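In: Got a predicted structure plus its sequence, pasted below:
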Number of protein chains: 2
Amino acid sequence: MDRRITKKGDDDTSGKERPTLKTLAFMTGLGVTTVSRALKDAPEIGAETRRRVQLVAKQIGYRPNRAGVRLRTGKTNVISLVLNTEHELMSFVSDIIYGVTEVIADTPYHLIVTPYSRSQDPLDPVRYLVETGSADGVIISRTQPNDPRARYMLERGIPFATHGRTDMGLVHPYHDFDNYTFAGEAVRYLAGRGRNRLALVTPPVGLTYYGHTIAGFADALSEVGASEVPFNTVSIDQSIEQIRMRTAQLMRRKDRPDGFVSSAAAATLAIVAGIEDAGLKLGRDVDVVSKQSSELLHLFRRELLVVNENFRLAGSELARAVLGWIGGADPGSLQSLSTPSEVLPYRG
Amino acid sequence: MDRRITKKGDDDTSGKERPTLKTLAFMTGLGVTTVSRALKDAPEIGAETRRRVQLVAKQIGYRPNRAGVRLRTGKTNVISLVLNTEHELMSFVSDIIYGVTEVIADTPYHLIVTPYSRSQDPLDPVRYLVETGSADGVIISRTQPNDPRARYMLERGIPFATHGRTDMGLVHPYHDFDNYTFAGEAVRYLAGRGRNRLALVTPPVGLTYYGHTIAGFADALSEVGASEVPFNTVSIDQSIEQIRMRTAQLMRRKDRPDGFVSSAAAATLAIVAGIEDAGLKLGRDVDVVSKQSSELLHLFRRELLVVNENFRLAGSELARAVLGWIGGADPGSLQSLSTPSEVLPYRG
DNA sequence: TCAATATACTGAAACGTTACAGATTGCCAA
DNA sequence: TTGGCAATCTGTAACGTTTCAGTATATTGA
């Protein structure tokens, strides 16, 4: 069945059909080739012709057919955001998405979301995208120091950006939050309040920023002369209940910490619940510094100390980076690091 | 510049190139037409040929080229989720996305996210999608009783599903949470605890579920003989600070409410903050029943009373609905309503 | 036996775009 | 005048798919 409504004749300018190059060619009396080139400012088209074509195109609202372009050139005008469906339950995903869409709004690009589940190899969705040529650029998160996805995409020459850095001696665009500084500042702040037995709620083991975080934590600890209370059984991608229970256990011991540094807001809620389960009071018995991506923690407990991480910004930076690489920029110049805010106590 | 690496000859089965129908045709010794039809189980293809083609296709990992299909047939294999970038900051967006992706995972469909900002006409992105033929199906939220987007898509004959119902006498797929029942149950529960001066934190005025919510609230109020404390200056898409401030003002008045029904978790945080700003205590001076989409409110204050709304389910249902309509099902049969959980107090 | 018919397959055209290899025109130098 | 060249423009083919209108072969009916 043919979708077209008008009959086979080529010369219809009449109907409701979407205009194509052929339509423009007919209206201007030029050939489709000329029209095509005029629209992309090719040099061998006369200045007046060019203006004329572009005017008509604007008037009738011509938009290139994506399928045509994609079939002919391989260019999809698609950026794919690859997301883990299990871990990234947490809200910040929508912030990243909005950050990305903000940047690509004025471009011909579309954003497609490519999910994968815990059980899958994280490489699967990336391989799919590359093999089927479904995107011009890819954004991945949950980046690892030695990340097979980044390695694969570098090999295959497809532009991408990672949320978080790698450590493979390979250069590619990324955006990262400076978690080394975050953890360090958190420790220094707690030390400033006289806390000196600190526990760290780490990012997921294996991700690059896990390393950054524990390094910042450890370095600052020795700098200020505080000590670490090991809390290795907990990381932020565990369930709320797990974290809460483990925290309560920890806080009932005599050698309990008097300060926490938490890498995620959701985990912080659980930490606080655990602290209170153990009958202790936030701000008196223990202080908690936590990252957050929306301004909610101070509503939760005003004693909490927060550092803001802006995921919408991350999304924007990542989008800019991929687009930059697609546009031919040097990958090494498309790396950005976001500096943590100061540690912020509640200000009434 | 030609993308292809191998030379012009048509008969390459050698290289790393992605297999096409032509490749399959060459390998099987058939024509491309036959291969095409064999792959889609057309009746005029011999049973053995069909199996042979499908086997080879599986072996070499043939996947139809989306651009080719789209150009020829107009089928995009894309579902678009249209989102407001300003209001829907709140976390549940990611849940919807994951719900959608879960359903389309085993289909050839991709999910694209089409954003629009507050300033824009909500119809704009929908018009864009339809005019450029960018999607086979659309999912919209923030549905209004008389929704121009739904009307437009019905006119243009493009399958869609709405998150929330309309009230235009037109039939189309939707998924909705039963907010009438939610508000009613909340009132009854509060009345059961002896609360009889209740305030409602409404959904955004103008959306369909605003009406459902206030109706459920009002009906239950008169049923149990409680009275409403007007709180019209507040709705859930206001800023945290606004809600908090207004709540504090309200709670300092002598005719303050002794119960709240809140339509969103984020607003509830602000409500509680406002209550406490006024020096009152949750559970003693006032009770709050709130919807939530993740299990966080009980961590926040255990005195809170919650009702769960599952947005991941909503995403799945919406996706199923659009796919169903695309697949030719009766739109009227693709409507679903999700029943609220009971009101849940904290259970240690 | 012959025509009608069913079965299994096929080439060509088209969707909208861009790259390639011309074609046409005018102008200038020799 | 003529050859050469630059400036503009154009037709054809190709990307991978599906549909249309066949063709070739076997099967059936009388």
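Out: Ah, there it is.
In: in the stretch 1-150 of chain A, which spans are helices?
Out: A:21-28, A:32-39, A:47-60, A:66-73, A:92-104, A:123-131, A:148-156 (DSSP state H, counting those that start in this stretch).
In: if I pick residue A:180, what's in contact with it?
Out: With contact set as C-beta atoms under 8 Å, 6 or more residues apart in numbering or on different chains, residue A:180 has these partners: A:212, A:213, A:215, A:216, A:219. In this view, the C-beta of every residue, glycine as well, is placed from N, C-alpha and C.
In: The second one and residue A:181 touch, don't they?
Out: No. With contact taken as C-beta atoms under 8 Å, residue A:213 and residue A:181 are classed as non-touching, separated by 10.1 Å.
In: Those two: which is more packed in?
Out: Neighbour comparison, residue A:213 and residue A:181: the larger count goes to residue A:213, with 25 against 17 (by other C-beta atoms under 10 Å in any protein chain shown).
In: Would you mind listing what in chain A touches DNA strand D?
Out: Counting by C-beta under 7 Å from any atom of the strand, the residues of chain A close to DNA strand D are A:1-2, A:29-34, A:37, A:44-47, A:49, A:71-72.
In: Tell me where the stretch 201-348 of chain A has strands.
Out: Under the criterion DSSP state E, counting those that start in this stretch, strands of the stretch 201-348 of chain A are mapped to A:227-228, A:259-262, A:287-292, A:305-308, A:335-338.
In: From the contact counts, what lies against the first one?
Out: Helices and strands touching strand A:227-228, as assessed by 3 or more C-beta pairs under 8 Å, 6 or more residues apart in numbering or on different chains; DSSP states H and E, comprise strand A:197-201, helix A:208-224.
In: Provide the strand pairings for the shortest one, with the direction of each partner.
Out: Same thing as strand A:197-201. strand A:227-228 (parallel), strand A:259-262 (parallel) (DSSP bridges).
In: re the thing from before, which of the helices and strands packed on strand A:227-228 is buried the deepest?
Out: Compared across these, strand A:197-201 shows the largest average neighbour count, a mean of 24 (mean count of other C-beta atoms under 10 Å in any protein chain shown).
In: So what touches it?
Out: By C-beta under 8 Å, 6+ apart, strand A:197-201 touches A:183, A:187, A:190, A:213-214, A:217, A:221, A:226-231, A:234-236, A:243, A:250, A:255-264, A:267-268, A:271.
In: what angle do that strand and helix A:208-224 make?
Out: 170 degrees (axes from the mean of the first three to the mean of the last three C-alpha atoms, to 10 degrees).
In: could you measure residue A:154 against DNA strand C, distance?
Out: 25 Å (C-beta to the nearest atom of the strand, to the nearest Å).
In: Oh, that last question was meant for residue A:135, not what I typed.
Out: 18 Å.
In: what about the residue nearest to that residue when sequence neighbours are not counted, distance to residue B:311?
Out: Excluding the flanking residues, the one nearest residue A:135 by C-beta to C-beta, 6 or more residues apart in numbering or on different chains is residue A:80, at 4.0 Å. Distance, residue A:80 to residue B:311, by C-beta to C-beta, to the nearest Å: 23 Å.
In: Output the set of residues of the stretch 101-250 of chain A in proximity to chain B.
Out: Neighbours of chain B within the stretch 101-250 of chain A, by C-beta under 8 Å from any C-beta of the partner chain: A:101-102, A:105, A:110-115, A:131-134, A:240, A:244.
In: Quick one: the helices and strands packed on strand A:227-228 as CSV, columns for mean pLDDT and distance to residue A:96 too.
Out: Shown next, in CSV, are these (pLDDT from 0 to 100; distance: least, C-beta to C-beta, whole Å):
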stretch, mean pLDDT, distance to residue A:96
strand A:197-201, 98, 22
helix A:208-224, 98, 15
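In: Any stretches of the stretch 1-150 of chain A with poor pLDDT?
Out: A:1-16, A:87-91 (pLDDT under 70).
In: Residue of the stretch 101-250 of chain A nearest DNA strand C, please.
Out: For the stretch 101-250 of chain A and DNA strand C, the shortest gap (C-beta to the nearest atom of the strand) falls at residue A:108, measuring 10.5 Å.
In: neighbours of that residue, just the number please.
Out: Neighbours of residue A:108 (other C-beta under 10 Å): 12.
In: next one: phi and psi at the closest residue in space to it that isn't next to it in sequence?
Out: Spatial nearest neighbour of residue A:108, chain neighbours left out: residue A:77 (4.8 Å); criterion: C-beta to C-beta, 6+ apart. The phi/psi pair for residue A:77 (degrees, to the nearest 10) reads phi 60, psi 40.
In: Verify the contact between residue A:77 and residue A:104 for me.
Out: No. With contact defined as C-beta under 8 Å, residue A:77 does not reach residue A:104; the gap is 9.4 Å.
In: hang on, residue A:297 packs against residue A:265?
Out: Yes. Between residue A:297 and residue A:265 there is a contact at 5.7 Å, judged by C-beta under 8 Å.
In: Of those two, which one has the most company?
Out: residue A:297 (26 against 23).
In: mind listing what the more buried one touches?
Out: Here residue A:297 is in contact with A:265, A:268, A:290, A:304, A:306 (C-beta under 8 Å, 6+ apart).
In: of these, closest to residue A:346?
Out: residue A:304 (7.3 Å; C-beta to C-beta).
In: quick one on the thing from earlier: and the residue nearest to residue A:135, bridged to which residues?
Out: residue A:112, residue A:138.
In: out of everything not next to it in sequence, what's closest to residue A:69?
Out: residue A:75 (5.9 Å).
In: before we move on, the earlier item: out of the helices of the stretch 1-150 of chain A, which one sits most buried?
Out: Most buried among these, given mean count of other C-beta under 10 Å as the contact rule, is helix A:92-104, at a mean of 23.
In: How far off centre is it?
Out: 8 Å (C-alpha atoms, centre = their mean, to the nearest Å).
In: Packing partners of it?
Out: Looks like helix A:92-104 contacts strand A:78-84, strand A:110-116, helix A:311-326, helix B:92-104, strand B:110-116 (3+ C-beta pairs under 8 Å, 6+ apart).
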